[in-house]
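In: Need coordinates for the following:
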Amino acid sequence: MVKAKKAEQKVTQRRTKIVATLGPSTDDVTVLENLIRAGVDVLRLNFSHGAAENQKKRIDTVRKIADKVGRYVGIMGDLAGSKIRIESFQNGPAVLKDGQTFTLDTAMSPNAGDENGVSVSYPDLVKDVDTGDLLLLDDGQVVLRVEVISKTKVHCSVVEGGVLSERKGLNKQGGGLSAPVLTSKDRADIKAAAALGLDFLAVSFAREARDIEKTRSLLEAAGGKADIVAKIERAEAVENIESIIDVSDIIMVARGDLAVEVGYAAMTSLQKRLIHLTRSRNKISITATQMLESMIQHLSPTRAEASDVANAVMDGTDAVMLSAETAVGKYPVQAVQVMNELCLGAEKHEIFLGAPNYRLDDVFEYADEAIAMAVMYTANHLDVSAIVALTESGSTSRWMSRVRSNIPIYACTRHADTRRRVAIQRGVYPVPFHIVHADSFTLHQTVFNTLIDRGAVSPGDLLLLTKGEMEGISGGTNTMQILKVPEPAENIEPEGS
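Out: As a prediction, this is how the structure comes out:
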């Protein structure tokens, strides 16, 4: 397979994208601007925290700053979902000792917890557990075994004790808690996401495809056009993963709750499987949770965190995500800078999988999908410096980005919302491009000038261009062209002009 030497020399852009979470640490306008300048591609709003008016203010600020610095930054809303939590303790955190009894009570006053028991916000807990089940609190820091179940109480023995504070999450090892995926708050937040024009909407604790389908239906009914992100954090979701991927636009490997339910030993191979399966089904993947956790308090990551990020990049994830590191951490900008450096470092050692037999046995459903695969086959066997996709919706660049390559893909589009959505696609870079219904000479010269101005190509370079004969039609890409960037003296008007 021929490697594009010229492209390797020119491309210094990071292929793996960075998602960062907004919060109190990013509310300072200067911090937010520095965060965006540091290389954030998508900013996440956690609907579990903050009032609606604060979220709108953050969105408006992000868009103003992104316009100011000339970057296309997507905004993701993350639905709170029905995370099951314990309630509060009357005298501060409780210290649980191995072997003691501890009761989870769905009828207890929310603030009456102590070292003997605590209230749980989920009334059906007694229906969803059996004796012998292991319940994990605070991401598995405290482990309880169910011993006896009464009318409103689950009497447990403490398997692994520790300090337990208020509002910590509760999981059942192996899954099986049946709380509804969408709460009344989520439904209100879906309408808000549509009204605010968010680019991505994440569904928490999805268990099956119909959870995603229901969310999309509610979003579209409210006038929203966001891509839907399925957060994989339940054991049941892993069992239904292929059907979930098929009805989603993006899959998030949400390793916190997922690791608690399936076990930490299973997570490394499961992460690799989820990323590979998502890519093979032509969808986008995000790897999330505790990637640079130590940077909440410290300026540098641990060696284990650096290795974790590198492994996700080399697994082929489209994006890596920062949560508390930027939302409430002391060093949000530095966390993004470190993530950027780690991704670039890992990408230098990446093995490209643009193999000749990739999808050769597939039957393509769409013409633009077939064109995208033809482009990537050609790009990985020809000395090409750049790929240009003239696109309305971003689907062509998404299909291209499923084939791993070091050749940059420029998604040229006149639509601002498309530019923000393609920002999460691995190896794809959004470019404003407003020319339509132009003759071929003018179109090509505009493409050449656009890429030369970006430092992406030089005279004499080859590039691949895809477009549709009917410009302005979404999904109409049906043409691939191999073009040579002319020398300056060659930029002359065609005869008869």
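
In: Can you verify residue 193 is assigned to a helix?
Out: Yes. Under DSSP: H, G, I helix; E, B strand; the rest coil, residue 193 sits within a helix.

In: Next one: it from residue 77, what distance?
Out: 4 Å (C-beta to C-beta, to the nearest Å). In short, each C-beta sits where N, CA and C put it, glycine included.

In: okay, and the common contacts of these two?
Out: Taking C-beta atoms under 8 Å, 6 or more residues apart in numbering as the criterion, residue 193 and residue 77 both touch 201, 226.

In: Which pLDDT value goes with the residue nearest the centre of the chain?
Out: Nearest to the mean C-alpha position of the chain, counting by C-alpha atoms, centre = their mean, stands residue 286 at 3.5 Å. At residue 286, the pLDDT value in this model is 98.

In: following the one helix or strand residue 228 maps to, which helix or strand shows up next?
Out: In the assignment (DSSP states H and E), residue 228 maps to strand 227-232. Counting by DSSP H and E, the next helix or strand C-terminal to strand 227-232 is helix 235-239.

In: Of all the residues in that following helix, which ones are buried?
Out: By neighbour count on 16 or more other C-beta atoms under 10 Å, the buried set for helix 235-239 is 235-238.

In: Which SSE is immediately downstream of that helix?
Out: Past helix 235-239, the next helix or strand by DSSP H and E is helix 241-247.

In: Just the buried residues of that next one, please?
Out: Buried residues in helix 241-247 (16+ other C-beta under 10 Å): 241, 244-245, 247.

In: and that helix, what other elements does it pack with?
Out: helix 209-221, strand 227-232, helix 264-280 (3 or more C-beta pairs under 8 Å, 6 or more residues apart in numbering; DSSP states H and E).

In: Residue 73: which of those is closest?
Out: strand 227-232 (14.6 Å; C-beta to C-beta).

In: And stretch 13-24, what's buried?
Out: 14-23.

In: Could you tell me which of these are located in strands?
Out: Among the buried residues of stretch 13-24, the residues falling in strands (DSSP state E) are 17-21.

In: Please write out the alpha-carbon positions of whatever helix or strand residue 57 lives in in PDB.
Out: Counting by DSSP H and E, the element that carries residue 57 is helix 52-69. The C-alpha coordinates for helix 52-69 follow below in PDB (Å, rounded to 0.1, in the frame of the first residue of the first chain):
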ATOM      1  CA  ALA A  52     -31.900  25.900  32.000                       C
ATOM      2  CA  GLU A  53     -31.000  29.700  31.800                       C
ATOM      3  CA  ASN A  54     -27.400  28.900  32.800                       C
ATOM      4  CA  GLN A  55     -27.200  26.300  30.000                       C
ATOM      5  CA  LYS A  56     -28.500  28.800  27.400                       C
ATOM      6  CA  LYS A  57     -26.000  31.400  28.600                       C
ATOM      7  CA  ARG A  58     -23.100  28.900  28.200                       C
ATOM      8  CA  ILE A  59     -24.300  27.900  24.700                       C
ATOM      9  CA  ASP A  60     -24.500  31.500  23.600                       C
ATOM     10  CA  THR A  61     -21.100  32.200  24.900                       C
ATOM     11  CA  VAL A  62     -19.500  29.200  23.200                       C
ATOM     12  CA  ARG A  63     -21.000  30.200  19.900                       C
ATOM     13  CA  LYS A  64     -19.700  33.800  20.200                       C
ATOM     14  CA  ILE A  65     -16.200  32.700  21.100                       C
ATOM     15  CA  ALA A  66     -16.100  30.000  18.400                       C
ATOM     16  CA  ASP A  67     -17.000  32.600  15.800                       C
ATOM     17  CA  LYS A  68     -14.400  35.000  17.200                       C
ATOM     18  CA  VAL A  69     -11.500  32.500  17.000                       C
END
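
In: ok so, going back, would you convert the ones in strands among the buried residues of stretch 13-24 into CSV that also reports distance to residue 409 and pLDDT?
Out: Compiled in CSV, those are given as follows (distance: C-beta to C-beta, whole Å; pLDDT from 0 to 100):
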residue, distance to residue 409, pLDDT
17, 13, 98
18, 18, 98
19, 19, 98
20, 23, 98
21, 27, 97
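
In: Go through the residues you listed and name the one nearest residue 166.
Out: Among these, residue 21 lies closest to residue 166 (C-beta to C-beta), at 21.9 Å.

In: Tell me who's in contact with that closest one.
Out: For residue 21, counting by C-beta under 8 Å, 6+ apart, the contacting residues are 43-46, 321-327.

In: ok, and the most crowded of the residues you listed?
Out: residue 326 (32 neighbours; other C-beta atoms under 10 Å).

In: returning to that earlier point: beta-bridge partners for the residue nearest to the centre of the chain, please?
Out: residue 252, residue 319 (DSSP bridges).

In: so the strand or helix carrying residue 334 versus strand 17-21, what angle?
Out: Using DSSP H and E, residue 334 sits within helix 332-347. Here helix 332-347 points in a direction 160 degrees away from that of strand 17-21 (axes from the mean of the first three to the mean of the last three C-alpha atoms, to 10 degrees).

In: Flag every buried residue along the following helix or strand past helix 332-347.
Out: Of the helices and strands lying after helix 332-347 in sequence (DSSP H and E), the nearest is helix 367-379. Going by neighbour count (16+ other C-beta under 10 Å), the buried part of helix 367-379 is 368-373, 375-377, 379.

In: just stretch 128-140 next, same as before
Out: For stretch 128-140, by 16+ other C-beta under 10 Å, it's 128-129, 133-138, 140.

In: backbone phi and psi for residue 250, please?
Out: Backbone torsions for residue 250, taken as degrees, to the nearest 10, come to phi -140, psi 140.

In: Tell me if I'm right that it and residue 426 touch.
Out: No. In terms of C-beta atoms under 8 Å, residue 250 does not count as a neighbour of residue 426; the distance is 11.6 Å.

In: I'm done for today, thanks for sticking with me.
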